[in-house]
Structures are given as structure tokens and as C-alpha cells.
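Novice: Provided below for reference: sequence and predicted model.
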Amino acid sequence: MGIKSPRELYGHAIKNHYGLGAFNTFSWETMIAVMEAAQARRSPAILQVSMGARKYVGHFREYVDTLHTLAEQYDVPFFIQHDHCSTIDACKEAIEAGCQAVMFDGSHLPYEENVQRTRQVAEYAHEKGIWVEAELGRLPGFEDMVFSEKAVYTDPDLAAEFIDRTGCDALAVAVGTSHGGVRGEDYLPLDFKRLEEIVERKPDYPFVLHGAASLPPKLIDACNRQGGQIEYLRNCSEESIAEAVALGVRKVNMDVDNFLVFTTAVREFFNGRPDIYDPRKYLELARDAFCMEVEHKMTEVLKSAGRYEKDKGKRLVSDKGDFL
Ligand SMILES: [Zn+2]
């Protein structure tokens, strides 16, 4: 099945009330992990590439080409999205490299400037049939290695206006999640009332949650038991993310939990088998741990699992563009 359009995947998720998981990939192991999880769970998924991954892989265009080629091997649908582009040029490069969707992040800019720049990106991208995700409001946590505790929640009226004025196809909102967690005692509360108000003003519009991995303490415990020294930062619980999906969130970025289990698998192997130096032995375990965590999110949080069993082989949109 391979790569489909964001319109098709979002349309299906909107019609069937589930969330699309957007998982950042950065290596052969992580690409395979996400695709195998999607296949095993009969779930659509978004293959995401961040600026960090782009720097890490070095050959960005070839990396995106590989995602395309690999996706063809699976019979569940994917699309490729570039996460957080802070400049219009970065968006253009992502489009040229073959991504079907780009995220332009102007959330740190003054409102009017965010509107103008997002609209510019949308005009450029739409001519090429590419979807644009934008962001309004500000999440606490790590952004480009800078840690901020400050959050600016998204205003529901402004969100609706922003969508109308910019023409963006999906909007990331700030309602309580954080990029990579913040210091605290308990799970962060999600502002469901605000989320409801946002969705109410634009029903059937794809709203997005960034920073929606949950950092469950048991995952940090598991890593620290193997010698890790991971700080116990807090984020929103998986139950609350699932509730946000039920309220209308259609794309959920969830990464750090996958990163945690990957690292734990490698640590565990090193502790248990210090005699082995074949990297394939531990990368295989790390890949499988990553895959299992993605499967867990699809089943328990996104409710995207099983969506492609009954729809296998069926078209998702009619010739007129209506969602089937
Ligand atoms: Zn983000």
C-alpha cells in the first residue's frame, strides 16, 4: 500500500474517530520498528522526520526515498511528515525531499507574524499538493535543546481564526502536553475544556497534540534499573491522551517513550552480555522494544489498531474527494 495522501489518512481518522500516531524515525531500526508495528496492528501511521533526525542521517533526501521504498513493502498506509520546521526554507527542502506534509512552527513568533508566515508556507505547499501543519500556543519542555517551563495555552477563538486566515491543514495546539516532560510530582493535567472549545469551533478539523508521549515512571524505572540516570520528568498520562483523541485530536506526536525503551533494551543487553560485541544483537532488541511501544500506543492510546482490517484494499476517498 505504501505512501498515501494525508487527506486520505486524516479523512479516515476523522470519520472513524481515532488518532494517527506520528513517530519520529532516524535510523533503519526505527523506520522498520514503526512500519512493523503498523503492519502488526493493522494501523495507519505517520512516518515523521525531525530537524534532529535530518542532521543525524545526513542524507535527508535519500532517507526520505528509503522511507518511500520501504513503505511499499507494507499493506497499511503511511505518509511522511517533516516535524518542526522553523523556517520557510526548511519547509521547502522537506517538500523537495518528498515529504507529503510539513510542519511549520511559528509558535514562538508574534501572532500576526505566525499568521503571515504560515500562510506563505501553505500557499507554497498547496500548489504542490502538500499538507501543512502549523502551531498556535506554546508547549513547555525541550525545543531545540532549550528547556522552558513556560506554556502558553491555545486560545479557542484565535485557533479558529488562525486556521481560516492561514489555510493550514492541521493545527498543533497547546492544552497541557509538553515536549519531553517538565519537572513535577504527577502527570500533567490536560485542559479538556479548552480542547473541547477548540474542537467545537472547527469540528472535523485535524487538531494535533505534540509532546504526547507520557513518560510513565515505570519506563524510566526500567532504564534506571539498568544503570540509567534519567530524570523523572512528567508529562500527560496515556489515559488523558486517549481522552483527547476521543474528543477530536487526530494526530499525536509521541516519541520519548519509544526512545526510552530503545535505550533500556541496549543497556539491559550490555549489562547482561558484556561478552558480545556484535551490534546487530542489541540493535535488534532495541528495534523490537521500539516496535512494541509503538504497537502499545496504537492499541491503547490512539485506538488506530485494527482500522485497516476491514478497510483493506478499499479506497478512502471518492473521486469527488469525499471521505468514504
Ligand atoms: Zn513538537
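Specialist: That came through fine.

Novice: low-scoring stretches of the stretch 1-150 of the chain, by residue?
Specialist: Scanning the stretch 1-150 of the chain for pLDDT under 70 picks out the ranges 143-149.

Novice: show me where the stretch 201-324 of the chain has helices.
Specialist: 217-225, 238-247, 256-272, 279-296, 307-310 (DSSP state H, counting those that start in this stretch).

Novice: Make JSON lines out of these and add mean neighbour count, distance to Arg117 and mean pLDDT.
Specialist: C-beta here means a position set from N, CA and C on the backbone, and glycine is covered the same way. Putting the helices of the stretch 201-324 of the chain into JSON lines (neighbours: other Cβ atoms under 10 Å; distance: least, Cβ to Cβ, whole Å; pLDDT from 0 to 100) gives the following:
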{"stretch": "helix 217-225", "mean neighbour count": "16", "distance to Arg117": "37", "mean pLDDT": "98"}
{"stretch": "helix 238-247", "mean neighbour count": "19", "distance to Arg117": "27", "mean pLDDT": "98"}
{"stretch": "helix 256-272", "mean neighbour count": "20", "distance to Arg117": "28", "mean pLDDT": "98"}
{"stretch": "helix 279-296", "mean neighbour count": "19", "distance to Arg117": "32", "mean pLDDT": "98"}
{"stretch": "helix 307-310", "mean neighbour count": "16", "distance to Arg117": "34", "mean pLDDT": "72"}
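
Novice: Make CSV out of those and add distance to Thr177.
Specialist: Formatted as CSV, the helices of the stretch 201-324 of the chain follow (distance: least, Cβ to Cβ, whole Å):
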stretch, distance to Thr177
helix 217-225, 17
helix 238-247, 8
helix 256-272, 11
helix 279-296, 17
helix 307-310, 23
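
Novice: Could you tell me which residues make contact with the residue of the chain most remote from its centre?
Specialist: Going by Cα atoms, centre = their mean, the residue of the chain most distant from its centre is Asp275, 37.1 Å out. Residues counted as contacts of Asp275 (Cβ atoms under 8 Å, 6 or more residues apart in numbering): none.

Novice: next one: Phe23
Specialist: Residues in contact with Phe23, defined by Cβ under 8 Å, 6+ apart, are Thr30, Val34, Ala45, Ile46, Leu47, Gln48, Met254, Asp255, Asn258, Val294.

Novice: Which secondary structure element is home to it?
Specialist: Secondary-structure assignment from DSSP states H and E places Phe23 in strand 20-24.

Novice: So in that sheet, which strands flank that strand, and in what orientation?
Specialist: strand 45-49 (parallel), strand 249-253 (parallel) (DSSP bridges).

Novice: and Asp164, how many residues sit next to it?
Specialist: 10 (other Cβ atoms under 10 Å).

Novice: next one: Lys128
Specialist: Residues near Lys128, counting by other Cβ under 10 Å: 10.

Novice: Contact partners for it?
Specialist: Counted by Cβ under 8 Å, 6+ apart, Lys128 has contacts Ile95.

Novice: any idea how far it lies from Glu96?
Specialist: Noted for Lys128: a distance of 9 Å to Glu96, by Cβ to Cβ, to the nearest Å.

Novice: Which elements pack onto the helix or strand harbouring Gln116?
Specialist: Gln116 belongs to helix 111-127 when assigned by DSSP H and E. Contacts defined by 3 or more Cβ pairs under 8 Å, 6 or more residues apart in numbering; DSSP states H and E place helix 111-127 against helix 88-97, strand 101-104, strand 131-136, helix 156-166.

Novice: which helices and strands does whichever helix or strand comes after the last one pack with?
Specialist: When you say that, I think you mean helix 156-166. Next helix or strand after helix 156-166 toward the C-terminus (DSSP H and E): strand 170-173. If you count contacts as 3+ Cβ pairs under 8 Å, 6+ apart, strand 170-173 packs onto strand 131-136, helix 156-166, strand 207-209.

Novice: Show me what the second one is packed up against.
Specialist: Right, the one you point to is helix 156-166. Partner elements for helix 156-166 (3+ Cβ pairs under 8 Å, 6+ apart): helix 111-127, strand 131-136, strand 170-173, helix 192-201.

Novice: now the shortest one
Specialist: With contacts defined as 3+ Cβ pairs under 8 Å, 6+ apart, the secondary structure elements packing on strand 207-209 are strand 170-173, helix 192-201, strand 249-253.
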